[in-house]
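> Next input, structure requested:
(one chain, ligands or ions: 1)
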Amino acid sequence: MVRIKICGITNIDDALAAARIGADAIGFNFYPKSPRYIEPEEAQRIAQALPDRVLRVGVFVNEDIARVWEIVSEARLQAVQLHGDETPEYCAALRVNSSDSGRPVKLIKALRVGDGFHPDQIAHYRADAILLDAASPEAYGGTGRSFDWDVARRAKRFVRELFLAGGLTPASVGRAIAQVQPDWVDVCSSLESAPGKKDRQALEAFVRAVRMVEGRERLI
Ligand SMILES: O=C(O)c1ccccc1NCC(=O)[C@H](O)[C@H](O)COP(=O)(O)O
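All right, here's what the predicted structure looks like:
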């Protein structure tokens, strides 16, 4: 079963709607330059209103490790998504410090697929999961750009758990799943009516498209 992560949640209405419609994970963005930035205190308030089954993920870009753990603890996150230029050494150091949080926190390393990408890179990261996103000169993520899914398909054998991201839409996600067979699909901008604000119909259409490809559309 492919799981669904809805990223860039900034308000409780969108969070609860995403959970109700069937999201398996919610992403909170703690990169101050993102139009989807959320204060840790607000993320905590939203996180505690979500059903337990929904994974709370914090998205970070080149953040100081101590600050990452501060936010993990404050917002009671269950996963950290590193979406910047974090090195394998940074990931290893973050892992060592993870014992400070007193509970297991999933580490997701995002890699951007552009000209310089090679699946061999993946082996260098001690992460629980790898997220593949499109590279862009303009922004680290949330760009709505996609990349050649065949790269993701080939990279899958190097990965314990794969998140497929980058420009997925209700219309394209079915084909992406069929081609790549990822463990997760991750989506942000195609479901927005404005940056940081999700569109209810698009959310529903996305979840329905994922369930359809699995041949088990549910009533939502
Ligand atoms: O969404 C952002 O603004 C963002 C900014 C900086 C780093 C990461 C960011 N988003 C991370 C995500 O997980 C997005 O869901 C992923 O990049 C896919 O976005 P989209 O192509 O818009 O579906």
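
> so D120 sits in a strand?
No - applying DSSP: H, G, I helix; E, B strand; the rest coil, one finds D120 to be helix, outside a strand.

> Make residue 1 into 43 and carry on from there
Sounds good: first residue 43 from here, last item D162.

> how much space between it and the ligand?
Counting by Cβ to the nearest ligand atom, to the nearest Å, the separation of D162 from the ligand is 22 Å. Every C-beta, even on glycine, is put in place using the N, C-alpha and C of the backbone.

> Chain neighbours aside, what residue packs nearest to that residue?
Using Cβ to Cβ, 6 or more residues apart in numbering and skipping the chain neighbours, the partner closest in space to D162 is F200 (7.6 Å).

> Contact partners for that neighbour?
P161, D162, I164, A165, I172 (Cβ atoms under 8 Å, 6 or more residues apart in numbering).

> tell me which element R154 is part of?
In this assignment (DSSP states H and E), R154 forms part of strand 148-155.

> ok, residues contacting that strand?
Against strand 148-155 from outside (Cβ under 8 Å, 6+ apart): 97, 99, 120-125, 128, 133, 136-137, 140, 159, 163-164, 167-178, 182-183, 189-190, 193-194, 205, 207-208.

> Narrow these to those that are buried.
Buried members of those, counted by 16 or more other Cβ atoms under 10 Å: 97, 99, 120-125, 128, 133, 136, 140, 159, 164, 167, 169-178, 182-183, 189, 194, 205, 207-208.

> Now do whichever residue of the chain sits closest to the ligand against S178, distance only.
The nearest approach of the chain to the ligand comes at G184, 2.1 Å away (Cβ to the nearest ligand atom). Applying Cβ to Cβ, to the nearest Å, the value for G184 to S178 is 10 Å.

> okay, the nearest residue to F205 once chain neighbours are set aside: pLDDT?
In space, and not counting its chain neighbours, F205 is closest to L173: 3.7 Å by Cβ to Cβ, 6+ apart. On pLDDT, L173 comes in at 98.

> Skip ahead from the stretch of helix or strand L173 belongs to and say which helix or strand is next.
Secondary structure assigned from DSSP H and E places L173 in strand 171-176. Toward the C-terminus, strand 171-176 is succeeded by helix 191-197 as the next helix or strand (DSSP H and E).

> Show me the helices in the chain, by range?
Using DSSP state H, the helices of the chain run over residues 54-63, 82-89, 107-117, 130-139, 191-197, 215-222, 242-255.

> so N104 touches K75, yeah?
No - counting by Cβ atoms under 8 Å, K75 is not a contact partner of N104; they are 10.4 Å apart.

> Please name every helix or strand in contact with the helix or strand of the chain with the lowest mean pLDDT.
In the chain, no helix or strand scores lower on mean pLDDT, DSSP states H and E than helix 130-139, which sits at a mean of 88. With contacts taken as 3 or more Cβ pairs under 8 Å, 6 or more residues apart in numbering; DSSP states H and E, helix 130-139 sits against helix 107-117, strand 121-124, strand 148-155.
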